[in-house]
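**Q** Generate a structure from the sequence data that follows.
(2 chains)
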Amino acid sequence: MKATRIVRAVAGVAISGLTIAGLSVAAVAPAGAAARSTVVMMETSALTSLNGGTPDTNLVTNTDVGYLTGMGFIYYDNKPNLIRNTKFGHFEVVKKTATDFQVKYTVNKGQVWSDGTPIDAVDLLLSHVLSSGKYSIAAGLGDPSVSTAAFDSVGYGGTYDGHVVGTPVLSADKMSLTIKYDSFQPEWEILGPGPSPVHTLELLAAGKTKLGTAKENLAAKAAFLKDFTTKNTAQLKKIGAIWSKSFNIKTVDSSTNPLLLVCNGAFKVASAVADQSVTMVLNPKYNSGPAMTKTNPITKVIFSFIADGSPSYQALRNGDIDIYDGQPDAAGVAQLKAIRSATVYGGVSMTYEHVDLRVGAANGDKTEYTGPFAGDTQKAKDLRHAFLLALPRGDILDSQVKPFNPSGVVMNSHFTLPGQTGYSTIVAGSGVSEYTTGTQAERTAKALALVKKYYPTASATVQPVDIKFLFKGSQRRIDENKLIAAEEAKAGFNVSTTPNAAWSSNLSNVSYDLAMFAWAPSSVSQTGTNANFQTDGGNNHSGWGNAELDKILHSLEAYLTPAQITAKYLAAEKIVNANYYTLPLYQWPTTIAANTALKGIKSAPLTPNVVWNFWEWHY
Amino acid sequence: MFAYIVRRLGMMMVVVFGASFMAYNLEAYSSDPLAELQQSTAPNKQYLIERLTRDLMLDVPPPIRYFNWLKGLVAGLWGQFDLGMTRDKHSVAEYIGAAIPTTFRLVIGSTVLAIVIGITIGMVTAIRQYSRFDYSMTFVAFLLFSLPVFWVAVLLKEYLAIQFNDFLLDPHMTWPYIIAFSLFAGLLWASIIGGERRRFYAVFVGVFVGNAILLEVLSLTSWFIQPGLGIAGVAVFGGVIAVAVTQISTGLDDKKALYASLITAGLVVAAYYPLQLVMNDKASLLTVIALFAGVLVAAGAVGYFITKIDRRAIMRTAMLTGFLAMIPVVVDRFMQEFGAYYKSDAINGRPIPTMGQANQLLTPEQAHNFWINSLDGFTHVFLPTVALTLISFAGYVRFSRGSLLEVLNMDYIRTARAKGLTERTVIVRHALRNAMLPLTTILVNDFAGVIGGAIITESIFGWKGMGSLFNQAIGSYDLNLFMGVFIISSFLTVLANLVADLLFGVMDPRIRIRK
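**A** Next comes the predicted model:
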């Protein structure tokens, strides 16, 4: 019996302590502190395609990989200013008349794809195929507005498609391309073509699985030029199928066709593990854009896929990732700030929150809107005015922005963002100041007085005006709706508080009196806001319509100096404010947190957000 | 029997059909795939909206669209099974095919661990009913049972990954920690071993002191960043395993069994140095499997030659001992690799990750080395396995405890005791087997649930298994993907129910499945 007890005691000691000390006594020096050159960045979704140019693959991770592996004529910096990449080439207006507007794009000599093939203007031609529905129809590739075309591109139906004339013209030395439009295009700078390794598409279409020789590559490029100019339907359909489908891969390893990986960016995809990560290494032949910084530059970038929230905060803290780029809540920001080895970079996004009041049925909608805000009667205007006056924009800013970005401001212009050219001029003169002067209590009192004109019983406790509010059931919107409903109640409005999951398909639903959502612009554009306010504008869901406003908006579609643009915006905003259509709330805050050792991180408001200046990153 | 199975399969079809129709419509009506596009200010917004509407057939009402989806499933009858495409243009079948192994890797370890630990503790608490151990385990079981996994995961990442990695920078355990761990170990073992007060304190003090000395020695030798068991550790484990296995299998009074086990363990220890040569850098999983197979053969031979009486039981005991005693040898081999792994560039001194399935920074040589590659896989699967085990083993504890207690109170157990059988024989031979019967049902169902995935756990640890696929499908309004995951998991659940019922009929002679 005694023996068993001893055996048991020994077993207890052995198993309870992790284990018996073994033979290995050698002391171990701390891990080597060699300079790091790898950046592991979080992405919340997995890589689904190496081609982010189709509507189904135009997703953040795919386009971020595309940004690191490709360079063209332009990119946005963090201001956000459009920067011309003069390393790659240059472009200028060569003709500008009322019906003939031409831009010439020239690729600099000496640049090569990662397989060594020289880049020239032939590589720009694919852009036309991807953006012009007219070309697609003429070449027998299908009408993208009716059914999916051979090239299932995200680019059809836009400004380029609407205004381009004929096919772009190559110069004799094949280094320049001239594109002709039917009129001046205010967005001409961002309409330009981008390079694609067309020779690889031809080789892929021929069933090749290895990189071509220099001779084969040149022959393939010539073949593409011929297919493009002669509109070789059969071959272009083949290439289209490859462009649309073959790049949809999640795994990249030694068995991946190297033709799919040819690029001209600073990095090229080295490997990818499905649903886990994608690894990019420096492209030794890169000479198409800004040079990598000299001291301790980054030589490897890994996108690691992890959910936003505590998993990614803890991953940053444990050093599993170097860059956090997500949408944390206030508690999350506090957690990120508490990480000693990381720095938090606050910023603002181009995406901004706004409230739209319904005036009538949306363009093309038959049913009539009869709610309290309907029409241009003095009563409707006064009620809209009152509603906007009692909108607690400051409280919303305090709850939704300040925890992330203490320097965040209420947005006061419909056409420009805080900090952009002309913003302060517009705010000073557009009449928006009546929503910024005084305290919210004073403004709400004014609002109540306006409501009382028509509903004498209205008071802080009696709400005779029922307002049906359309918003999404996300935490952000629910919180905002609560703040709005509470403040508007003091002005006599009884605001509904039920969210609608299908809000987007109800934007034109006349049973709602107002809608709150965000606009997410993907570029800075002179006429980008027109569609929101034009009588028949595609984004005008609230039935706004004003002939004078339409005239000003139309006049924006011309070549204008910055001062002229500001003047026109100001005139337009005066009308918008005088009609009490809408008020912007705030720009969404962005939060980036990165390993403090990693330098050069700058948050940017437009896609590709944090990766925009990867060439400046260093340790 | 056959008619019964056919009838059940038919009912299964109806259930799966009804469930899938409801799920499809619920998901379709609750989602808004156009929402993101509506926020866009792109000039070609209209084109994009039209194209998506066309692509996802959004202009067709969901109840009708469902049959379009069902078409692909029904086509499976003539071999053209088609679950459709995801929204990012990959085949749903391909997605699911990749997700099932991932989920398996994630949950199989924790499910097996939870079952083994849960049933063991459950049985021990039943045998030591109303003891200190019973009370403390009941408390622990209920505590863990009530914890949400996302919170457990956050805590585990904080303490077992982040802080443990920090600790490894200077791997010397301070006295407060040593005392706390030793107190815990002492209390644990003292309450498991039990007995009267004097014995309780003796065990407690013994374990406490032993444990404290052990931890201090480990700290002083930097064991935590350069671990290993060495031949001495392997020998100690081998001896303990031999004695413990014999005690449970045949009882220590069976001297032949004890000798067979001890000889087997001795053989494993003697083979320690030769084995190091076999387990070299070129070794693979096959090498390890071959080693275990070799040990089983050798142990079987030892049992065979040591006796002629009761040969089967003794062979079984020796083989189990050999198998278990081999584990420390392999673990020791992995530990030897840890120092180099820890110092490598890819790890940079932080071996326990909080996310992912593999370290992408390993060099190709490291990735092709079986030991390093497995070690890397193990460090990645470690936290999720612990998290899932912690929250799920409590259920097994309660279930097996109740089941064994019920059996122990039955008349035939009293009869067995009255016959003069030893307590070991009564419990191991007579009670345990019958107590396991009702557990079959939940085991089978749990295994079916495993494929359904651990939605939260997978997302938290960045694993793309069935659970996070389901999550993704809901988040991106991907109806085909949603239905793909749904149909596989609902089919397996219904099938598991059938299997459990059939299994019950096979194992319990009191139950007969009627025609």
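**Q** Spell out the secondary structure type for the residue of chain B found nearest chain A.
**A** Going by CB to the nearest CB, chain A is nearest to B:Tyr47 of chain B, at 2.7 Å. Glycine gets a C-beta too; all of them are placed from N, C-alpha and C. Secondary structure state of B:Tyr47, per DSSP: H, G, I helix; E, B strand; the rest coil, is helix.
**Q** SS state for the closest residue to it other than its chain neighbours?
**A** Among residues not flanking B:Tyr47 along the chain, A:Gly157 sits closest, at 2.7 Å (CB to CB, 6 or more residues apart in numbering or on different chains). Three-state call for A:Gly157 (three-state DSSP): coil.
**Q** Distance check, A:Gly157 against B:Ile49.
**A** 10 Å (CB to CB, to the nearest Å).
**Q** do A:Gly142 as well
**A** Taking CB to CB, one finds A:Gly142 at 19 Å from B:Ile49.
**Q** wait, isn't the residue nearest to B:Tyr47 in contact with A:Gly538?
**A** No: A:Gly157 is beyond contact range of A:Gly538, at 10.8 Å (criterion: CB atoms under 8 Å).
**Q** Which of these two has more residues huddled nearby?
**A** A:Gly157 (23 against 17; other CB atoms under 10 Å in any protein chain shown).
**Q** still on that earlier bit, quick one: contacts for the residue nearest to B:Tyr47?
**A** Applying CB atoms under 8 Å, 6 or more residues apart in numbering or on different chains to A:Gly157 gives the contacts A:133, A:144-145, B:43-44, B:46-48.
**Q** Please repeat the previous calculation with a cut-off of 10 Å.
**A** A:Gly157 sits next to A:131, A:133, A:144-145, B:42-51 when contact means CB atoms under 10 Å, 6 or more residues apart in numbering or on different chains.
**Q** From the residues you listed, pick the one nearest B:Ile314.
**A** Using CB to CB, B:Arg51 is the member of the contacts of A:Gly157 that lies nearest B:Ile314, at 73.2 Å.
**Q** residues in contact with the host helix or strand of that closest one?
**A** According to DSSP states H and E, B:Arg51 maps onto helix B:45-55. The contact list for helix B:45-55, computed with CB under 10 Å, 6+ apart, reads A:54-56, A:58, A:133, A:144-149, A:152, A:154-158, A:161, A:504, A:531, A:538-539, B:33-34, B:36-40, B:42, B:44, B:58-60, B:85, B:87, B:89.
**Q** Which ones among the residues you listed lie within strands?
**A** Among the contacts of helix B:45-55, none falls in strands (DSSP state E).
**Q** where are the low-confidence patches of the chain?
**A** Just going to use chain A. In the predicted model, chain A carries pLDDT under 70 at residues A:1-35.
**Q** oops, I was thinking of chain B
**A** In chain B (pLDDT under 70), the answer is B:453, B:513-515.
**Q** my read: A:Ile321 touches A:Ile306, true?
**A** Yes: proximity of A:Ile321 to A:Ile306 meets the contact threshold set by CB atoms under 10 Å, at 7.1 Å.
**Q** Looks to me like B:Val499 is in a strand.
**A** No: judged by three-state DSSP, B:Val499 forms no part of a strand; its state is helix.
**Q** OK, contacts around it?
**A** Contact analysis of B:Val499 by CB under 10 Å, 6+ apart lists B:440-441, B:444-445, B:447-448, B:492.
**Q** Now list the buried members of the residues you listed.
**A** B:440-441, B:444-445, B:447-448, B:492 (16 or more other CB atoms under 10 Å in any protein chain shown).
**Q** Just the residues you listed: which are in helices?
**A** B:440-441, B:444-445, B:447-448, B:492 (DSSP state H).
**Q** May I have the residues that are in contact with residue 357?
**A** Just so you know, I chose chain A. Applying CB under 10 Å, 6+ apart, one finds that A:Leu357 lies in contact with A:371-373, A:380, A:383-385, A:387-388, A:391, A:467, A:513-515, A:542-544, A:579-583.
**Q** nope, chain B
**A** Applying CB under 10 Å, 6+ apart, the residues near B:Gln357 are A:273, A:275-277, B:102, B:105-106, B:376-377, B:380-381, B:384, B:461-465.
**Q** Helix, strand, or coil at it?
**A** coil.
**Q** With A:Ser459 instead?
**A** Assignment for A:Ser459 (three-state DSSP): coil.
**Q** Am I right that it is in contact with A:Ala449?
**A** No: in this structure, A:Ser459 is not within contact of A:Ala449 by CB under 10 Å, at 11.1 Å.
**Q** shared neighbours, those two?
**A** Common neighbours of A:Ser459 and A:Ala449 are listed as A:491-492 (criterion: CB under 10 Å, 6+ apart).
**Q** what's the closest residue to A:Leu225 other than its chain neighbours sitting at in phi/psi?
**A** Excluding the flanking residues, the one nearest A:Leu225 by CB to CB, 6+ apart is A:Val122, at 5.1 Å. For A:Val122, the backbone dihedrals (degrees, to the nearest 10) come out as phi -60, psi -30.
**Q** Up against chain B, what does the stretch 301-450 of chain A have?
**A** A:302-321, A:339, A:350-351 (CB under 10 Å from any CB of the partner chain).
**Q** make it 7 Å
**A** Residues of the stretch 301-450 of chain A found near chain B (CB under 7 Å from any CB of the partner chain) are A:302, A:304-307, A:310-311, A:314-315, A:317-320.
**Q** Neighbour count and distance to A:Ala291 for these - can I get that in JSON lines?
**A** Converted to JSON lines, those look like this (neighbours: other CB atoms under 10 Å in any protein chain shown; distance: CB to CB, whole Å):
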{"residue": "A:Ile302", "neighbour count": "23", "distance to A:Ala291": "22"}
{"residue": "A:Ser304", "neighbour count": "23", "distance to A:Ala291": "26"}
{"residue": "A:Phe305", "neighbour count": "22", "distance to A:Ala291": "30"}
{"residue": "A:Ile306", "neighbour count": "27", "distance to A:Ala291": "31"}
{"residue": "A:Ala307", "neighbour count": "22", "distance to A:Ala291": "35"}
{"residue": "A:Ser310", "neighbour count": "20", "distance to A:Ala291": "38"}
{"residue": "A:Pro311", "neighbour count": "22", "distance to A:Ala291": "35"}
{"residue": "A:Gln314", "neighbour count": "24", "distance to A:Ala291": "36"}
{"residue": "A:Ala315", "neighbour count": "27", "distance to A:Ala291": "31"}
{"residue": "A:Arg317", "neighbour count": "25", "distance to A:Ala291": "33"}
{"residue": "A:Asn318", "neighbour count": "23", "distance to A:Ala291": "33"}
{"residue": "A:Gly319", "neighbour count": "19", "distance to A:Ala291": "29"}
{"residue": "A:Asp320", "neighbour count": "25", "distance to A:Ala291": "30"}
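**Q** Sort out for me which of these are in helices.
**A** Using DSSP H, the members of those that fall in helices are A:310-311, A:314-315, A:317.
**Q** Up against chain A, what does the stretch 151-300 of chain B have?
**A** So the stretch 151-300 of chain B meets chain A at B:154, B:157-158, B:161-162, B:165, B:169, B:185, B:188-189, B:193, B:203, B:206-207, B:210-211, B:214-215, B:217-218, B:221-223, B:225-226, B:228-230, B:232-233, B:236-237, B:240, B:243-244, B:252 (CB under 7 Å from any CB).
**Q** In PyMOL, select just the buried ones from those residues.
**A** Applying 16+ other CB under 10 Å to these, the buried members can be selected in PyMOL as follows:
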select buried, chain B and resi 154+157+158+161+162+165+185+188+189+193+203+206+207+210+211+214+215+218+221+222+223+225+226+228+229+230+233+236+237+240+243+244+252
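**Q** Sort out for me which of the residues of the stretch 151-300 of chain B next to chain A are in helices.
**A** Per DSSP H, those map to helices at B:154, B:165, B:169, B:185, B:188-189, B:193, B:203, B:206-207, B:210-211, B:214-215, B:217-218, B:230, B:232-233, B:236-237, B:240, B:243-244.
**Q** what's the longest helix in chain B?
**A** helix B:370-408.
**Q** OK, now which residue of the stretch 51-200 of chain A is nearest to chain B?
**A** A:Gly157 (2.7 Å).
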